[in-house]
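Participant: sequence-free structure coming up:
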């Protein structure tokens with residue numbers, strides 16, 4: 001069977017036998033800038049590169065970065081005016097804030113130690129200069145009281161929010177992939193050791209070992225690697241040697257070519273494709289997010305306000321021709337809205353020694 005592309009339709013796996021993950025995201029809050037500096041116009045990709053460089057140069061004076069998509073500039077949080085001048089001279093917009101990265105990371109460590117409760121998630125929201133903690137509808141009673149106490153003790157570094165949905169893995173993605181009574185989505189076609197493979201969500205490959213492109217159809221791939229919880233990525237090796245172009249299904253008769261992989265940037269505009277809900281757009285609202293699913297904790301995720309539903313797991317998150325992530329889970333739906341978390345693609349490629357095909 002010829003596989004034309006790595007499209008989100010082929011990558012989706014939705015099934016009763018596999019628990020679906022819905023991603024619950026956090027609302028990005030704006031914070032008042034201490035200075036109104038004119039910054040250079042940058043693409044999200046260029047902003048991400050500049051952010052990495054400035055964060056390294058500023059050291060302890062850096063307090064996080066995010067991309068202002070409307071103004072097309074990078075905003076860099078700093079702790080003093082000297083650092084602000086360095087940022088401005090590099091073509092970014094400086095904002096003097098209260099909380100250092102050390103303080104925010106310390107708050108995350110405390111949350112991990114004292115509040116790792118199923119149904120909770122947290123991420124550093126650089127636009128708010130806080131760690132935003134979200135509790136889904138299952139967190140109540142003594143657990144909610146414990147979480148509230150921990151958050152209160154962390155003071156101004158942390159904010160608590162609530163989600164009407166439930167954090168759980170979402171089995172689905174780009175093009176639908178089937179196996180063992182479940183359906184997920186294919187994320188991206190990749191090449192490893194010269195052989196064709198594809199990436200999908202780890203909670204999909206933990207539940208299913210072989211895959212078909214239709215329910216009950218012939219096997220097209222076997223698992224070659226899987227990591228969940230902790231991470232949420234899986235690698236599947238195609239049964240044949242035919243090359244599979246790296247494209248994402250746009251569900252309108254066309255595809256988006258994928259030429260490489262990149263790190264996401266907070267504030268970046270992104271697109272998700274999956275076999276259940278097809279194509280939806282949104283914004284990256286946080287990076288290095290932690291989600292405490294009932295099945296276990298996953299760290300280092302991309303948080304977005306893009307909606308997703310069961311069967312979208314493993315599907316493609318991308319910006320233009322760059323692969324960014326694999327649909328993990330969250331809360332909400334595409335009728336009333338919702339948020340979703342994604343496993344960064346760059347980590348999966350690095351672990352498996354694979355590259356975009």
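Facilitator: That came through fine. What you see is a predicted model, and the numbers here were worked out from it, not measured in a lab.

Participant: and stretch 78-96, which residues are buried?
Facilitator: Neighbour-count burial for stretch 78-96, counted by 16 or more other CB atoms under 10 Å, picks out 78-79, 83-84, 86-88, 90-95. Glycine gets a C-beta too; all of them are placed from N, C-alpha and C.

Participant: report the distance from it to the chain centre.
Facilitator: Centroid separation between stretch 78-96 and its chain, computed with CA atoms, centre = their mean, to the nearest Å, is 28 Å.

Participant: same deal with stretch 319-328?
Facilitator: 8 Å.

Participant: any idea how far residue 74 lies from residue 284?
Facilitator: The gap separating residue 74 from residue 284 is 13 Å, by CB to CB, to the nearest Å.

Participant: go on, residue 193?
Facilitator: Residue 193 is 32 Å from residue 284, by CB to CB.

Participant: the two: who's more crowded?
Facilitator: Comparing residue 193 with residue 284 by other CB atoms under 10 Å, the one with more neighbours is residue 284, at 28 against 10.

Participant: re the thing from before, so which of the buried residues of stretch 78-96 are in strands?
Facilitator: Mapping those onto strands (DSSP state E) picks out 78, 93-95.

Participant: show me the two of those residues that sit farthest apart.
Facilitator: Farthest apart among these by CB to CB are 78 and 93. That separation is 10.6 Å.

Participant: shared neighbours of the two, which are they?
Facilitator: Residues touching both residue 78 and residue 93 by CB atoms under 8 Å, 6 or more residues apart in numbering: residue 87.

Participant: residue contacts, the nearest residue to residue 353 once chain neighbours are set aside?
Facilitator: Using CB to CB, 6 or more residues apart in numbering and skipping the chain neighbours, the partner closest in space to residue 353 is residue 192 (6.2 Å). By CB under 8 Å, 6+ apart, the contact list for residue 192 reads 224, 235, 237, 352-355.

Participant: residue boundaries of the helices in the stretch 51-200 of the chain?
Facilitator: 81-89, 101-114, 141-153 (DSSP state H, counting those that start in this stretch).

Participant: what do you get for the stretch 201-350 of the chain?
Facilitator: Using DSSP H, counting those that start in this stretch, the helices of the stretch 201-350 of the chain run over residues 202-207, 345-352.

Participant: among the ones you listed, which is the most enclosed?
Facilitator: helix 202-207 (a mean of 28; mean count of other CB atoms under 10 Å).

Participant: just how off-centre is it within its chain?
Facilitator: Put simply, helix 202-207 sits 17 Å off its chain's centre (CA atoms, centre = their mean).

Participant: which helices and strands does it pack with?
Facilitator: strand 182-185, strand 219-227, strand 233-238 (3 or more CB pairs under 8 Å, 6 or more residues apart in numbering; DSSP states H and E).

Participant: tell me which of the ones you listed is the most buried.
Facilitator: Each of the helices and strands packed on helix 202-207 was scored by mean neighbour count; the highest is strand 182-185, a mean of 35, by mean count of other CB under 10 Å.

Participant: average pLDDT for it?
Facilitator: For strand 182-185, mean pLDDT is 90.

Participant: do stretch 156-168 as well
Facilitator: For stretch 156-168, mean pLDDT rounds to 90.

Participant: before we move on, what about stretch 347-357?
Facilitator: On average, stretch 347-357 scores 95.
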